[in-house]
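**Q** structure for this input, please:
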Amino acid sequence: MEPTRKILVIDDEPDVVSYLSAFLEDEGFDVVSANNGPDGLTLAREETPDLITLDITMPGMSGIEVLTTLRRDENLNALPVVIITGVTSFDKLTDYRDVRPPEGFMQKPIDLAQLLSTIETLLDSS
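**A** Numbers count the residues shown, from 1 in each chain. All right, here's what the predicted structure looks like:
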């Protein structure tokens, strides 16, 4: 039996965190979560997740800033990141950044089947 894969959910909306965490746990993943960017980065370093889901629009430290920090950290830059956001075009958010784009991008409301497929594809290829 393969080990349980760990997913870090970073989103400032408690309902989204609860929803995603419950869904992912039901699918057999170990889930840790953070409600803001700084806590998410701390958990990424402490918990060594296999994948991160990341909201863009968060107070204080945006998801773009979190992604930029992850990509510049040699211990975290290989982590696959799936952006889950209400922002309609990710291109507008990243075209001015010198950062590798996320491995996945999803719109809210979340299509759970698509999310699961994206996560499984990324974890199988990592």
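**Q** pLDDT weak spots in the chain?
**A** The chain contains residues with pLDDT under 70 at 1-2, 88-97, 126.
**Q** centroid-nearest residue for the chain?
**A** With distances taken as CA atoms, centre = their mean, the residue of the chain nearest its centroid is Thr53 (1.6 Å).
**Q** what does the helix or strand containing Phe105 contact?
**A** Using DSSP states H and E, Phe105 sits in strand 104-107. Strand 104-107 is contacted by residues 80-86, 88, 90, 114-115, 118-119, 122 when judged by CB atoms under 8 Å, 6 or more residues apart in numbering. Bear in mind the C-beta positions are built from the backbone N, C-alpha and C, glycine included.
**Q** which of these sits closest to Pro3?
**A** Nearest to Pro3 among these is Ile119, at 15.5 Å by CB to CB.
**Q** backbone dihedrals for the nearest residue to that closest one once chain neighbours are set aside, please?
**A** When the adjacent residues along the chain are set aside, Ile119 lies closest to Leu51, with 6.0 Å between them (CB to CB, 6 or more residues apart in numbering). The phi and psi values for Leu51, taken as degrees, to the nearest 10, are phi -160, psi 150.
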